[in-house]
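> below: sequence and its predicted model.
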Amino acid sequence: GAVVSQHPSWVICKSGTSVKIECRSLDFQATTMFWYRQFPKQSLMLMATSNEGSKATYEQGVEKDKFLINHASLTLSTLTVTSAHPEDSSFYICSARDASRGQNIGGSNQPQHFGDGTRLSIL
Amino acid sequence: SQQGEEDPQALSIQEGENATMNCSYKTSINNLQWYRQNSGRGLVHLILIRSNEREKHSGRLRVTLDTSKKSSSLLITASRAADTASYFCATDAGQGTALIFGKGTTLSVSS
């Protein structure tokens, strides 16, 4: 089945450093990937939509200069948390749609494929 | 952004009992999905129900969808301790858009 690999799964770093998280679709092509953030005991909040070959679309309230998204290929999207601070500590999860499934009503009735998440702790 | 509420926020039951969780949403959807998340882990896809379906079964899971009320329910029958997790509904508006998650229900099943 379709697999999305997210790396790293866990990272601890000092305040002020930048952290890059990778999201790869292993056996399918993904023109669109999504990045979510989840704080403890809360739900997943959509941060941005990552489009291959174009700029990401950010949700309201998400700083695009803080959370840099690059989707340079059909199988890889990266999220870089720049100058991370303790309040950026969270669980980050990516998901991807299989481009071969199509975007119309019938084709989109497929579950998205989620990575296992990255737990980011900023000291 | 989030679609809406799930209730209850927390549910504690004994093994063997049934657990029912409800989800409400606000916008038109193409399908609605339910996911499970164990503490500190990623998401596990449970079931997808299309907007033209009213009920769907998968093993011990039963999902209903009422598009007129913009609500869905997830029933887990004969619950087990291993069912202890957080459960989220997520709506898919289609056309390549992101899933939008509900706030979730935390289920605790004691043996």
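Nice, thanks for sending it over.
> where does chain B have its least confident helix or strand?
strand B:6-7 (a mean of 82; mean pLDDT, DSSP states H and E).
> which residues are contacting that strand?
Outside strand B:6-7, the residues that touch it by C-beta atoms under 8 Å, 6 or more residues apart in numbering or on different chains are B:21-24, B:87-89, B:102-105. In this view, the C-beta of every residue, glycine as well, is placed from N, C-alpha and C.
> try stretch B:19-30
A:105, A:108-109, B:3-8, B:11, B:13, B:32, B:34, B:50-51, B:67, B:69-76, B:79, B:83, B:87, B:89, B:91-95, B:100, B:102, B:105, B:107, B:109.
> so which of the residues you listed are in helices?
Among the contacts of stretch B:19-30, no member is found in helices (DSSP state H).
> among the residues you listed, name the buried ones.
Among the contacts of stretch B:19-30, those buried by neighbour count (16 or more other C-beta atoms under 10 Å in any protein chain shown) are A:108-109, B:3-4, B:6, B:11, B:13, B:32, B:34, B:50-51, B:70-74, B:76, B:79, B:83, B:87, B:89, B:91-94, B:100, B:102, B:105, B:107, B:109.
> and chain A, which of its residues are near chain B?
A:31-32, A:34, A:36, A:41-46, A:49, A:59-60, A:91, A:93, A:95, A:97, A:103-105, A:108-112, A:114-117, A:119 (C-beta under 8 Å from any C-beta of the partner chain).
> the residues you listed, buried ones only, as a ChimeraX selection?
A single ChimeraX command selects the buried members of the residues of chain A next to chain B (16+ other C-beta under 10 Å):
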select /A:31,32,34,36,43,44,45,46,49,91,93,95,97,108,109,110,111,112,114,115,117,119
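> tell me the secondary structure of B:Ile47, please.
Secondary structure for B:Ile47, judged by DSSP: H, G, I helix; E, B strand; the rest coil, is strand.
> ok, which residues in chain B are in contact with chain A?
B:1-2, B:30-31, B:33, B:40-43, B:45, B:48, B:50, B:88, B:92, B:94-104, B:106.
> what is the mean pLDDT for stretch A:6-13?
Average pLDDT, stretch A:6-13: 96.
> what comes up buried for that stretch?
A:6, A:11.
> which residues does that stretch contact?
In contact with stretch A:6-13 (C-beta under 8 Å, 6+ apart) are residues A:19, A:21-24, A:84, A:93-94, A:115-123.
> just the pLDDT for residue 2.
No chain was given, so I picked chain A. pLDDT for A:Ala2: 68.
> nope, chain B please
55.
> remind me which residues of the chain are low pLDDT?
Since no chain was named, I'll use chain A. A:1-2, A:101-109 (pLDDT under 70).
> wait, I meant chain B there
Along chain B, the model assigns pLDDT under 70 to residues B:1-4.
> that one: strands as residue ranges?
B:6-7, B:10-14, B:19-24, B:31-37, B:43-50, B:55-58, B:61-66, B:71-76, B:85-92, B:100-101, B:105-110 (DSSP state E).
> make CSV from those strands and add distance to A:Thr78 to it.
Shown next, in CSV, are the strands of chain B (distance: least, C-beta to C-beta, whole Å):
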stretch, distance to A:Thr78
strand B:6-7, 31
strand B:10-14, 36
strand B:19-24, 32
strand B:31-37, 23
strand B:43-50, 20
strand B:55-58, 34
strand B:61-66, 35
strand B:71-76, 34
strand B:85-92, 24
strand B:100-101, 23
strand B:105-110, 32
